[in-house]
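Asker: structure for the following, please:
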Amino acid sequence: MDHQLISVVVPVFNEADSLETLVTEIRQAAQDNDLNVEIILVDDGSGDESWPTIVTQAQSHPSIAGIRFRRNAGKAAALMAGFAAARGELVFTMDADLQDPPEEMPRLIAKIEEGFDVVSGWKRVRHDPWHKVYPSRVFNRLIGWLTGVRLHDHVCGLKCFRGEVIKELCIYGELHRFLAVMAAVKGYRVTEIPTLHRPRTHGVGKYGSARLVKGFLDLLTVWFLTRYRWRPQHLIGVAGLVTILLNVILAISAWFGVRGPAVLLAPVVVVWSGFTLIAIGLVAELVVADRPTDDLYNIAERVGWCATQEGAN
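Answerer: Numbering: from 1, shown residues only. Sure, this is the predicted structure:
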């Protein structure tokens, strides 16, 4: 393969037990496939020995750099910090739990070379508990239905991007699940390939059942930002008009003592009030989406070549 620089961005949160193995596997995959790789480990406010481990790795290998947040800011923020520091023509994202094998990197690169801008891994055979697998399948289908970007596994941590793509992506909160969608909306070519998935051997999963509710709300945010960001009144205004209309019909029915329509409409008005609150939340998302990315995280220290890189945060 050619010697273009490849950046591997790894968000880290309490993954001290797996970091040394992960770095070894990435470096071995690079050596076996003649890849020029730099590794950026972003410590998202870990409470274990993750940062000392990152420091040791960075001091041992000049191709490794580390960034440490002052507090936990979330995976999206960690990715944004890593993207800001990345110097590669290609940029990989990879979780630190060892479930996505670095040996898959050449296959994703080969797909990029076919003319795609983003290649996502697809855990076709997934080694996770059923209560994570089946809700994830439903969630992925829902993403495809609402956004038109149909992938089997949007949330797979293993992805490869052309360098110019990540410079145009802005994610916050928990929008890291929608990186492929955000890229596709900007006109980049997105695809996926089946990749190996290994059982978890270190640590515990960072996401519980509450992520389903949060994930659905984040999906609404992405749908809104990608379809109505420049015309929010087309959605929110319609919701307001329908709310007004329902309330007028309800008031007229009550005034003339017509109980039937009033009884029928009362629950509808209550439900539509919930939609109104969601609309208010979407307006807030518009405000948040335009804030500077520097507000996403607060860097405490850097190590390795990243320590001297200008404008890394």
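Asker: center of this structure, which residue is that?
Answerer: Closest residue to the average C-alpha location of the chain: His176 at 0.7 Å, with CA atoms, centre = their mean.
Asker: for that residue, give its distance to His154.
Answerer: Plainly put, His176 is 10 Å away from His154 if you go by CB to CB, to the nearest Å. Heads up, the C-betas are built off the backbone N, CA and C, glycines and all.
Asker: could you do Val248 as well?
Answerer: 41 Å.
Asker: between these two, who's got more neighbours?
Answerer: His154 (26 against 10; other CB atoms under 10 Å).
Asker: surely that one forms part of a strand?
Answerer: No - looking at His154 with DSSP: H, G, I helix; E, B strand; the rest coil, it is coil, so not inside a strand.
Asker: give the contact list for it.
Answerer: 120, 139-140, 143, 177-178, 180-181 (CB atoms under 8 Å, 6 or more residues apart in numbering).
Asker: next: Glu114.
Answerer: With CB under 8 Å, 6+ apart, Glu114 has no contacts at all.
Asker: sec struct for it, please.
Answerer: coil.
Asker: break this protein into its domains for me.
Answerer: The domain map for the chain lists 5-210+293-308, 225-289, with the assignment taken from automatic domain parsing.
Asker: can you pull out the low-pLDDT segments for the stretch 101-250 of the chain?
Answerer: The stretch 101-250 of the chain contains residues with pLDDT under 70 at 127-132, 200-213, 228-230, 233-235, 247, 250.
Asker: how about the helices in the chain?
Answerer: With DSSP state H applied, the chain shows helices at 16-32, 50-60, 75-85, 105-112, 130-147, 163-166, 179-185, 210-228, 233-255, 259-289, listed in chain order.
Asker: which secondary structure elements does the shortest one sit against?
Answerer: So the one you mean is helix 163-166. strand 90-93 (3 or more CB pairs under 8 Å, 6 or more residues apart in numbering; DSSP states H and E).
Asker: could you give the separation of the strand it packs on from the chain centroid?
Answerer: 14 Å (CA atoms, centre = their mean, to the nearest Å).
Asker: repeat for stretch 302-309
Answerer: 25 Å.
Asker: buried set for that stretch?
Answerer: Residues of stretch 302-309 classed as buried by neighbour count (16 or more other CB atoms under 10 Å): 302-306.
Asker: and stretch 107-120, what's buried?
Answerer: In stretch 107-120, residues buried by neighbour count (16+ other CB under 10 Å) are 107-109, 111-112, 116-120.
Asker: which of these sits closest to Leu296?
Answerer: Checking those against Leu296 by CB to CB gives Val118 as the nearest, at 21.2 Å.
Asker: which of the residues in stretch 14-30 are buried?
Answerer: 14-19, 22-23, 25-27, 29-30.
Asker: sorry, that was for stretch 170-185
Answerer: 170-185.
Asker: ok, for Val185, nearest residue in space, not its chain neighbours?
Answerer: Spatial nearest neighbour of Val185, chain neighbours left out: Thr226 (4.5 Å); criterion: CB to CB, 6 or more residues apart in numbering.
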